[in-house]
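Trainee: here is the input, now give the coordinates:
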Amino acid sequence: MSAISVAALSAARDIERADWERLTPSRHPFLNADFFAILEDHESAGPACGWLANHIRASGEDGSVLGIAPTYVKLNSHGDFVRDWSWAAAYQQLGKNYYPKLLTAVPHTPAKGPRLLAAGDSTTAIQQSLIEAGKEMVATNHLSSWHIALPADTEVELFRANGFLVSHDVQFQWRDRGFGDFDGFLASFAAERRRKVRAERRKVSESGLRIEVRHGNEIAPDEWPALHQLYAATFDKFGNYAAFSPACFAELGATLGRRMVVFIARDHEKPVAVSICFRSEDTLYGRYWGTSGQYHSLHFELCFYQGIAYCLEQGLTTFEPGAGGEHKVARGFEPTIVRSCHWIADARMRQLIGQHLTRQQGGILAYADEAATHLPYRKNEAGSNRLEV
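Mentor: Sure thing, here's the model as predicted:
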């Protein structure tokens, strides 16, 4: 193929919409020009919170865009799900600088997917050019490392072949096993687990709260401040910062339309809890939850059961409700192994972190297998989604 040139761009909007659409999955809620651009415009992924856009673009001799790696220079580890806080501490103890680092990821979104966006007969060569450009960016700018958060499985092996370390983590994800509807889903449970779910849903239905399911373009801009207040309350509770503003949510909703799905609980007309999700053509992604009070089982209803019911009604086959949460297992979410990839510039630190990840891997895989034994199904047809490691 013709020579490939690579450039780093300081804004998602510097890449033409047509190129994003050509290289990214159709109707994906995160991998598109709008999601990145809106987060950058509203400082949700901007310098004020430690995100400096540095998107890597590969082009052919004729100027056509062949590949994109959505990339940021990061000044901290907030919102990237690399789980490298201890690495930063180790660098500091050794008198080394861990930040800034390079990150290829979707900001504030622990959803696995392509990170080296390319298409055509020369996909591997284009992806290789993006990898070489990222490594060169680390060396030229004296960055500590480059992290690829939650890439597609096929990309993991390409990164591994280029000397990247691979870390493992567990998420809990729901999959439609031909349940048909929510009653069919519950019918697959052991009797005791089925009674528990029904009791939790009954508590919510008897509370007098009204549940709404609305898409992003069905929510007026003036409704977002109240919903945002609920979302922000969760972060305040744990001493974290809420990266999204009401205006950012409003623009995401208006732009993404049905690719944003919002579950709202109301006490009369007042919203008292919210679960803000996104969807592709086959997957629902649960992201942001918040409430103004204590309501029995409402978290399970809004964040899990409503999402599963929506998937079954809409024909979605997967529900990824976000990172963490062992309590998801008893409600039908299967332990699923996900991976991230890491280029550590310093050879000695690369060896030390590699040894740490090797020790950690066995425990994570064992944890996933053990968690799978607690799934609620009568016949344990599902289990931990083990990968070749």
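Trainee: show the pLDDT at residue 380.
Mentor: pLDDT recorded at residue 380 is 53.
Trainee: actually residue 389, not the one I typed
Mentor: 56.
Trainee: check residue 94 too.
Mentor: So residue 94 comes in at 94 (pLDDT).
Trainee: which residues touch it?
Mentor: Residues in contact with residue 94 (C-beta atoms under 8 Å, 6 or more residues apart in numbering): none are found. No exception for glycine: its C-beta is placed from N, CA and C like everyone else's.
Trainee: using the three-state scheme, assign residue 68.
Mentor: Put simply, residue 68 is strand when judged by DSSP: H, G, I helix; E, B strand; the rest coil.
Trainee: residue 88 versus residue 288, what's the distance?
Mentor: 25 Å (C-beta to C-beta, to the nearest Å).
Trainee: who has more neighbours, the two?
Mentor: The neighbour count for residue 288 versus residue 88, taken as other C-beta atoms under 10 Å, is higher for residue 288 (24 against 19).
Trainee: that one contacts residue 244, correct?
Mentor: Yes. With contact defined as C-beta atoms under 8 Å, residue 288 reaches residue 244; the gap is 7.4 Å.
Trainee: identify the contacts common to the two.
Mentor: Common contacts of residue 288 and residue 244 (C-beta under 8 Å, 6+ apart): residue 231.
Trainee: could you report the pLDDT at residue 52?
Mentor: Confidence for residue 52, expressed as pLDDT, is 98.
Trainee: report the helix or strand with the lowest average pLDDT across this protein.
Mentor: Lowest on mean pLDDT, DSSP states H and E among the helices and strands of the chain sits helix 224-237, with a mean of 92.
Trainee: list the buried residues in the helix or strand following that helix.
Mentor: On the C-terminal side of helix 224-237, the nearest following helix or strand under DSSP states H and E is helix 246-256. Of the residues in helix 246-256, those buried under the neighbour-count criterion (16 or more other C-beta atoms under 10 Å) are 246, 248-256.
Trainee: got a list of contacts for helix 246-256?
Mentor: For helix 246-256, contacts defined as C-beta under 8 Å, 6+ apart pick out 29, 34-35, 38-39, 41-42, 44, 215-217, 219, 221, 224-225, 227-228, 231, 260, 262, 276, 278.
Trainee: can you show me the strands along the stretch 101-250 of the chain?
Mentor: For the stretch 101-250 of the chain, the strands defined by DSSP state E, counting those that start in this stretch occupy 101-104, 117-118, 145-148, 165-175, 210-215.
Trainee: partners of the last one, with directions?
Mentor: Strands that pair with strand 210-215, judged by DSSP bridges, come out as strand 260-267 (antiparallel).
Trainee: mind saving the C-alpha coords of the partner strand as CSV?
Mentor: Extracted C-alpha coordinates of strand 260-267, given in CSV (Å, rounded to 0.1, in the frame of the first residue of the first chain):
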residue,chain,number,x,y,z
MET,A,260,-29.0,7.7,25.1
VAL,A,261,-31.5,5.9,27.3
VAL,A,262,-32.6,7.4,30.6
PHE,A,263,-34.5,5.6,33.4
ILE,A,264,-36.1,8.1,35.8
ALA,A,265,-38.0,7.5,39.0
ARG,A,266,-40.4,10.2,40.0
ASP,A,267,-42.2,10.9,43.3
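Trainee: what angle do helix 246-256 and it make with each other?
Mentor: 130 degrees (axes from the mean of the first three to the mean of the last three C-alpha atoms, to 10 degrees).
Trainee: residues of the following helix or strand past strand 260-267 that come out buried?
Mentor: Next helix or strand after strand 260-267 toward the C-terminus (DSSP H and E): strand 270-279. Within strand 270-279, the residues that qualify as buried are 271-279, counting by 16+ other C-beta under 10 Å.
Trainee: quick check, nearest of these to residue 68?
Mentor: The closest of the buried residues of strand 270-279 to residue 68 turns out to be residue 278 (C-beta to C-beta; 19.9 Å).
Trainee: hmm, the closest one is touching residue 287, no?
Mentor: Yes. At 6.5 Å, residue 278 counts as touching residue 287 under the criterion of C-beta under 8 Å.
Trainee: rewinding a little: quick one: contacts of the least confident helix or strand of the chain?
Mentor: For helix 224-237, the external contacting residues (C-beta under 8 Å, 6+ apart) are 219, 241-242, 244-247, 249-250, 253, 262, 264, 270-274, 276, 288-292.
Trainee: so residue 8 lies in a strand, does it not?
Mentor: Yes. According to three-state DSSP, the state of residue 8 is that of a strand.
Trainee: quick one: it and residue 167, what's the gap?
Mentor: Distance from residue 8 to residue 167, by C-beta to C-beta: 25 Å.
Trainee: okay, now residue 14: neighbour count?
Mentor: If we define neighbours as other C-beta under 10 Å, then residue 14 has 13 of them.
Trainee: looks to me like residue 369 is in a helix.
Mentor: Yes. Judged by three-state DSSP, residue 369 forms part of a helix.
Trainee: low-confidence bits of this structure, can you list those?
Mentor: 1, 380-389 (pLDDT under 70).
Trainee: what about the helices in it?
Mentor: With DSSP state H as the criterion, the chain has helices at 17-23, 33-41, 85-93, 123-140, 153-161, 182-187, 191-205, 224-237, 246-256, 298-300, 306-314, 347-372.
Trainee: of the contacts of helix 246-256, just the buried ones, ChimeraX syntax please.
Mentor: In ChimeraX, this line selects whichever of those come out buried by 16+ other C-beta under 10 Å:
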select :29,34,35,38,39,41,42,44,216,219,224,227,228,231,260,262,276,278
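Trainee: alright, that wraps it up for me.
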